[in-house]
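Student: Sharing a sequence plus its predicted fold:
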Amino acid sequence: MPAADALRTVLAFPSSYSVGITSLGYQVVWASLARRGDLDVRRLFTDRGDPPHRHCDLFGLSLSWELDGPVLLDLLERQGIPLWSHQRGEDDPIVFGGGPVLTANPEPLAPFFDVVLLGDGELLLPAFIDALQAARALPRPERLRRLARVPGVYVPSLYAPRYDSDGALLGVEPTAAEVPATITKQTWRGNTLSHSTVITPEAAWPSIHMVEVARSCPELCRFCLASYMTLPFRTASLDDGLIPAVETGLAVTQRLGLLGASVTQHPQFADLLSWLDQDRFEGTRVSVSSVRAATVTPQLGRILARRGSKSLTIAIESGSERMRRVVNKKLSGEEIFAAARYAKEGGLSGLKLYGMAGLPSEEEADIDATADLLLALRKATPGLRLSLGVSTFVPKAHTPFQWEGVRPEAEKRLQRLARRLQPKGIELRPESYGWSIIQALLSRSDRRLAPVIAAARGRHDSQGGWKRAYRAVRAGEATAPADLPVPLPAPPPWEEVIHANWDEQRVLPWNHLEGPLPPATLLRHRQEALAGGSSADPPAAPSPPH
């Protein structure tokens, strides 16, 4: 029960209730806040929520996908909260946000947030709320300065971007001596990870109990934010974490989801499967998130089929051996064929594969190798339903490919895959190339994008709306508020943000934010990747093992 003087808090999610409540990250943040007696927490989604809390003290947003970011402005407006942080006064809430998108690069949305939490909530949320409670009687500017001293808490208004006469970013620097020059992402290193706190038939995955098996991924694919930004790879204790978490959920539901970027690389995953294979779990439906193909075993296929799964999901990135070397995907063609065979032999009816188009150094022959691989898999495992989800490469902050641009030829390569695979009965599920462009705009920009986000309001569900807003801000027809403390130049040319390969010496919008690995290490990984993928080394033709 909240105390009488509890801080009135709204925790928002930038999508519908069914989507938001299926986000384990959102559930965990909400539960962490709701357990405190000094907070009175309400939830808000785009399609439901309590009446507007015009006098709330705290307004938080959990953000896991770039394209959801602009929804923040709609949610703030519905609550009667000024959109720009510098326009908020003593009676307005502290607006904070967290999640992987904001941890990687908060700069495009920075002028709308009072506080951004960089890293894992297990550490950050208690420290943030404790510091806020200790400073709650102070004037708003002093409260923010106190919060900026907490490790991992980024207060954008206390940092100013600096540009040269040509508009190049020179740095994002503190505006006061007591403010740290860099902010370091906070990492939870405990061996007890998260699990569902809400189980509801209204979720996008109805009545599912989600259990986090592992956090991060040890593979370090060169494009992957989920690996690089969340290092080190951590696994939940089997006896003290996973089994108790599963037992808790199965007391109220018979649907279990095992989550993580690389769940099957948990050192005791086989033991967990054997435990779930007991007769007492008859009727329980178990599903797992994407698994590493090399870890698929006959046992995995058999137990998942026995527990109601219909298919398995693996990420191959490319059918080309050369491209898999470029992205550090330590996976052979033989292992891909074995995964398909084990899935079918175990009783699963489908295999979902994920790949990419437009990766750095990719050529048309590499795309053809992906199509060839799928066709060879279909021949080798008749009766196994195959589908390929394929996205366009988008550069992400704090990864070795952050310097690479989106390749325009990716659009035609998605179409090439469709022509090769769809007539052969292989389902192709391509992500929109156009929306990948907007995703790159949000992942790669600095604060000069904030006026564009504001100008795109009401049109951010349209690619054309984004492009028109960008042109309008570039032309000076739409601008940031005149009273913005640090005036923002016009954003750079569209081509430079989206498609250009950036110089390795360029100041990046997130240089003042420290991720798990230093830029020198990322640069070395990039150089090794591109050197290892010489186009003189042709893609190997896939063939099933004998």
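Tutor: Sure, I can see it. Model, not experiment: these values are computed from the prediction. Residues are numbered from 1 along each chain as shown.
Student: going forward, measure contacts and count neighbours with C-alpha atoms only.
Tutor: Noted.
Student: where does L441 land on pLDDT?
Tutor: For L441, the model assigns a pLDDT of 98.
Student: Do me a favour and get the end-to-end distance for stretch 297-313?
Tutor: End-to-end distance of stretch 297-313: 13 Å, with C-alpha to C-alpha, to the nearest Å as the criterion.
Student: got a list of contacts for that stretch?
Tutor: For stretch 297-313, the external contacting residues (C-alpha atoms under 8 Å, 6 or more residues apart in numbering) are 270, 273, 276-277, 282-291, 339, 342-354.
Student: swap in stretch 416-425?
Tutor: So stretch 416-425 is contacted by 367-368, 371, 374-375, 427-428 (C-alpha under 8 Å, 6+ apart).
Student: can you tell me the average pLDDT over it?
Tutor: pLDDT averaged over stretch 416-425 gives 96.
Student: so where's the protein shaky on pLDDT?
Tutor: Within the chain, the stretches with pLDDT under 70 are 50-54, 533-546.
Student: what about the longest helix in it?
Tutor: For the chain, the longest helix by residue count, based on DSSP state H, is helix 364-380.
Student: Would you mind listing the buried residues in that one?
Tutor: Buried residues in helix 364-380, defined by neighbour count with 16 or more other C-alpha atoms under 10 Å: 366-378, 380.
Student: List just the nearest of the contacts of stretch 416-425 to T184.
Tutor: I367 (38.5 Å; C-alpha to C-alpha).
Student: ok, that closest one - contacts?
Tutor: 318-320, 357, 413, 416-417.
Student: wait, doesn't V211 sit right on T197?
Tutor: No - V211 is beyond contact range of T197, at 10.1 Å (criterion: C-alpha atoms under 8 Å).
Student: Compare neighbour counts for those two and give me the winner.
Tutor: Each of V211 and T197 has its neighbours counted (other C-alpha atoms under 10 Å); V211 has more, 24 against 16.
Student: A helix includes the more buried one, no?
Tutor: No - read with DSSP: H, G, I helix; E, B strand; the rest coil, V211 is strand and lies in no helix.
Student: measure it to L124 for me?
Tutor: 21 Å.
Student: how far out from the middle of the chain is stretch 290-300?
Tutor: 23 Å (C-alpha atoms, centre = their mean, to the nearest Å).
Student: How about stretch 304-313?
Tutor: For stretch 304-313, the distance to the chain centre is 25 Å (C-alpha atoms, centre = their mean).
Student: And for stretch 48-65?
Tutor: Counting by C-alpha atoms, centre = their mean, stretch 48-65 comes out at 21 Å from the chain centroid.
Student: Give me the contact list for stretch 274-286.
Tutor: Applying C-alpha under 8 Å, 6+ apart, the external contacts of stretch 274-286 come out as 254-258, 303-304, 307-309.
Student: and the nearest residue to Y154 once chain neighbours are set aside, how many neighbours?
Tutor: Closest residue to Y154 apart from its sequence neighbours, by C-alpha to C-alpha, 6 or more residues apart in numbering: V116 at 5.1 Å. V116: 24 surrounding residues under other C-alpha under 10 Å.
Student: Return the list of helices and strands in contact with the helix or strand hosting V116.
Tutor: Secondary structure from DSSP states H and E places V116 in strand 115-117. Secondary-structure packing of strand 115-117 (3 or more C-alpha pairs under 8 Å, 6 or more residues apart in numbering; DSSP states H and E): strand 94-98, helix 100-104, strand 153-154.
Student: rerun that using 7 Å as the cut-off
Tutor: Secondary-structure packing of strand 115-117 (3 or more C-alpha pairs under 7 Å, 6 or more residues apart in numbering; DSSP states H and E): strand 94-98, strand 153-154.
Student: Turn those into TSV, columns for mean neighbour count and distance to V390.
Tutor: Conversion of the helices and strands packed on strand 115-117 to TSV gives the following (neighbours: other C-alpha atoms under 10 Å; distance: least, C-alpha to C-alpha, whole Å):
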stretch	mean neighbour count	distance to V390
strand 94-98	23	28
strand 153-154	28	35
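Student: of all those, which lies closest to A160?
Tutor: A160 lies closest to strand 153-154 among the helices and strands packed on strand 115-117, at 12.3 Å (C-alpha to C-alpha).
Student: after the closest one comes which helix or strand?
Tutor: With elements assigned by DSSP H and E, the helix or strand that comes after strand 153-154 is strand 159-163.
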